[in-house]
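> structure of the sequence below:
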Amino acid sequence: MDSLTHGLLGLAVGATRRPDVRPGEGRASPTDRAVLLSCVIAAELPDLDYFWPAGDAVLRTLRAHRGPSHALLFAPVVAAVAAGIAWLVLRRRARFGPVYTFSLLSVALAHLLPDLWTGWGTRLLLPFSDARLTLDWTGVLDPLVTLPLALGALVAWRRPAHFRRAILVGATVAAAYVGGRIATQQVLVARVAAAHPEAQRVAVFPAMLGVTTWRFLATHEDVYSAGTVSLFGGAPTEERRVARAPSGPVPARVAAVPTVREALAWARFPVVRHAPADDGGTTVRVADLRYHLRGAPTLEFIVDIAPDGAVTRARLERGGSARELLDRWRE
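Okay, here's the model as predicted:
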């Protein structure tokens, strides 16, 4: 999820603790304030890994980001850092035990879980497994998750006497929305499977600006069937059939380049193209069709490789500007 949503979820986790001092009965205790502060910090800290040094833009996006700081094994360490910061800000007057406990809950519930339910995937099981786990319930950005949390925080700020109630009502609405998406996903997967009984695999993914309409993929031997399926519509609408390897298998020496290997490991429904470059090297384009619009990929990693195997350039293309994607969506 985005940073704003993580922080608001962290605030909601902190608000679940019964305060030492009830609103209207006096100023919040140092522990009350430290818990709220540490929960917000804990919810934001894991994403600092995006600034970790990496060889190129692709490795930074796929290897450095959502690395160890997003793993369950390291959650206690992240929580300890957040709790320590809050404890020091409150001049060591807060009780460290509650601050640390809620910081740990915030790492798990306000950061790791929301990242897991997005389509991008997160490596929760590092260092034991490098697998990217995902539930595909929402996109990385989902205003309908963020909005009730933000409104709850706004009411809490304007009416301190109802601080926790406002925060928790907003969190409840957001949770109900996510629950609705889980149910919708199950219904739509069954509908796509019924329409493509011969498919090796079917999956549905959140669509841009869509609540009841999702994207779908049905995997066949050599091609993907890509399209949309609506909760209140009829049969899924197939928009395009896409070859899984338009230019043939990737040469082993190219696939072994770390940047290419990372992109291939990330793509769950890969569409991979490669072609000779002007300098005698190779250009590899790795798209994942779970990000598609009208069956055309909207997210693609492009890696230029020199004849000696060195990466000369690596970048991420998102299928055009936000305006161009919106225009394509409207067509």
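> quickly note the distance from the residue nearest to L299 when sequence neighbours are not counted to P148.
Of all residues not flanking L299 in the chain, Y291 sits nearest, at 4.0 Å (Cβ to Cβ, 6 or more residues apart in numbering). C-beta coordinates here come from the backbone N, C-alpha and C atoms, glycine included. Distance from Y291 to P148, counting by Cβ to Cβ, to the nearest Å: 26 Å.
> helices of the stretch 51-200 of the chain, start to end?
57-59, 75-89, 96-106, 113-117, 143-158, 163-195 (DSSP state H, counting those that start in this stretch).
> mean neighbour count, the ones you listed: which tops it?
helix 96-106 (a mean of 23; mean count of other Cβ atoms under 10 Å).
> and that helix, what does it pack onto?
helix 3-15, helix 30-44, helix 75-89 (3 or more Cβ pairs under 8 Å, 6 or more residues apart in numbering; DSSP states H and E).
> now do the phi/psi pair for R285.
Note on R285: backbone dihedrals following degrees, to the nearest 10 are phi -120, psi 120.
> is it in a bridge, and if so with what?
R273, I302 (DSSP bridges).
> now do the contacts for it.
Neighbouring residues of R285 by Cβ atoms under 8 Å, 6 or more residues apart in numbering: 272-274, 300-303.
> which SS class is V242?
strand (DSSP: H, G, I helix; E, B strand; the rest coil).
> next, count neighbours for it.
19 (other Cβ atoms under 10 Å).
> quick check: A79 vs R273, distance?
43 Å.
> and for the closest residue to R164 other than its chain neighbours, the neighbour number?
Spatial nearest neighbour of R164, excluding adjacent residues (Cβ to Cβ, 6+ apart): A15 at 4.5 Å. Using other Cβ under 10 Å, A15 has 23 neighbouring residues.
> A15 contacts I167, doesn't it?
Yes - A15 sits in contact with I167 when judged by Cβ atoms under 8 Å, with a separation of 4.1 Å.
> could you list the low-pLDDT ranges of this structure?
Along the chain, segments meeting pLDDT under 70 span 22-26, 319-331.
> domains of it: list them as residue ranges, please.
Residue ranges for the domains of the chain, per the TED database: 3-141, 199-243, 252-330.
> single out the most deeply packed of those.
Buried most deeply of the domains of the chain, by mean count of other Cβ under 10 Å, is domain 3-141, with a mean of 19.
> contact partners for T259?
Taking Cβ under 8 Å, 6+ apart as the test, what T259 contacts is 55-56, 58-59, 303, 311, 314.
> quick one: secondary structure of it?
helix.
> ends of stretch 268-284, how far apart?
Terminal residues of stretch 268-284 lie 17 Å apart, using Cα to Cα, to the nearest Å.
> who's in contact with that stretch?
Against stretch 268-284 from outside (Cβ under 8 Å, 6+ apart): 121, 132, 134, 203, 217, 219, 224, 242-247, 250-251, 254, 260, 263-264, 285-290, 297, 302-307, 312.
> now Y224: closest residue in space, sequence neighbours ignored.
Per Cβ to Cβ, 6+ apart, closest to Y224 is V242, 4.8 Å.
> now do the contacts for that neighbour.
With Cβ under 8 Å, 6+ apart, V242 has these contacts: 223-224, 226, 271, 289, 292, 295.
> give me the subset of the residues you listed that lies in helices.
Within the contacts of V242, no residue falls in helices by DSSP state H.
> next one: A83 from R92, what distance?
For A83, the distance to R92 - Cβ to Cβ - is 12 Å.
> and L144, by the same measure?
As defined by Cβ to Cβ, L144 lies at a distance of 40 Å from R92.
> can you check S247 too?
62 Å.
> also S106?
Distance from S106 to R92, by Cβ to Cβ: 20 Å.
> please apply the same query to T61.
Where R92 is concerned, T61 sits at a distance of 39 Å (Cβ to Cβ).
> kindly report the same for T312.
Relative to R92, and taking Cβ to Cβ, T312 is found at 52 Å.
> same deal with D130?
39 Å.
> before we move on, what about D136?
From D136 to R92 the distance is 44 Å (Cβ to Cβ).
> now swap in T146 and tell me
Counting by Cβ to Cβ, the gap from T146 to R92 is 34 Å.
> which element, helix or strand, includes the closest residue to H196 other than its chain neighbours?
Once flanking residues are discounted, H196 sits nearest to A218: 3.9 Å by Cβ to Cβ, 6+ apart. Secondary structure from DSSP states H and E places A218 in strand 213-219.
> nothing else from me, thank you.
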